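Enquirer: what's the 3D shape of this:
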Amino acid sequence: MKFKRNIKKPDVIIDLTSMIDIVFILLLFYMLGATFTHPNSLKITLPEANGQVTDQHDLRIELLITRKGNYTVNGHELANNQVQTLMQSITDLAAGDTSVPVTITADADTTHQSVVTAMDAVARLGFGKLNIATRQVEAAAK
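Expert: I've put the predicted structure just below:
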């Protein structure tokens, strides 16, 4: 004879609390680690140079900036690095003609402030043709 026992089987319960915690931690990790694009950044298209000379001007002003930030205008070193001295030297050479092209050649190790000061001086004097001299990158050895 077979008797039935009145034993209740326990319900199987899977505890999901720890899995939910891990999912939220992963979500937080990916949200904080993701990089987002900045919609307010400017997108510009830079002009291309074709290497042709478009303007031949008899007088040119060449401004050289040394590694230490000293200025030389058309081969003559200035007495100091003050912007007023630089502006006076450029004004004397141009003799009031603001159509004269100005070329700035700066050492690669000079400070940005020296170059910006020179560009600001040229702009404040009203010159419209400002060139910045660069050198062409040498091709890698084959």
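Enquirer: so which residues of this structure form strands?
Expert: Remark: strands assigned in the chain by DSSP state E are 61-65, 71-73, 76-77, 102-106, 130-132.
Enquirer: redo those as TSV? Include mean neighbour count, mean pLDDT and distance to residue 25.
Expert: C-beta coordinates here come from the backbone N, C-alpha and C atoms, glycine included. Listed next are the strands of the chain as TSV, based on neighbours: other CB atoms under 10 Å; pLDDT from 0 to 100; distance: least, CB to CB, whole Å:
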stretch	mean neighbour count	mean pLDDT	distance to residue 25
strand 61-65	20	85	54
strand 71-73	20	86	59
strand 76-77	10	83	64
strand 102-106	19	84	51
strand 130-132	14	80	51
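Enquirer: nearest to residue 83, of those?
Expert: Taking CB to CB, strand 71-73 is the member of the strands of the chain nearest to residue 83, at 9.5 Å.
Enquirer: just the residues contacting the closest one, thanks.
Expert: The contact list for strand 71-73 (CB atoms under 8 Å, 6 or more residues apart in numbering) reads 61-66, 77-78, 81, 85-86, 89-90, 93, 114, 118.
Enquirer: poorly predicted segments of this structure, please.
Expert: Applying pLDDT under 70 to the chain flags residues 1, 36-58, 134-142.
Enquirer: all helices of it, in order?
Expert: 17-33, 83-94, 112-124 (DSSP state H).
Enquirer: surely residue 120 is in contact with residue 90?
Expert: No: Residue 120 lies out of contact with residue 90 (CB atoms under 8 Å); the separation is 11.8 Å.
Enquirer: about what we covered before: out of the contacts of strand 71-73, which comes closest to residue 19?
Expert: The closest of these to residue 19 turns out to be residue 114 (CB to CB; 60.8 Å).
Enquirer: quick one: the residue nearest the centre of the chain from residue 78, how far?
Expert: The structure's the chain has its C-alpha centroid closest to residue 112; by CA atoms, centre = their mean the separation is 11.3 Å. Noted for residue 112: a distance of 19 Å to residue 78, by CB to CB, to the nearest Å.
Enquirer: alright, calling it a day.
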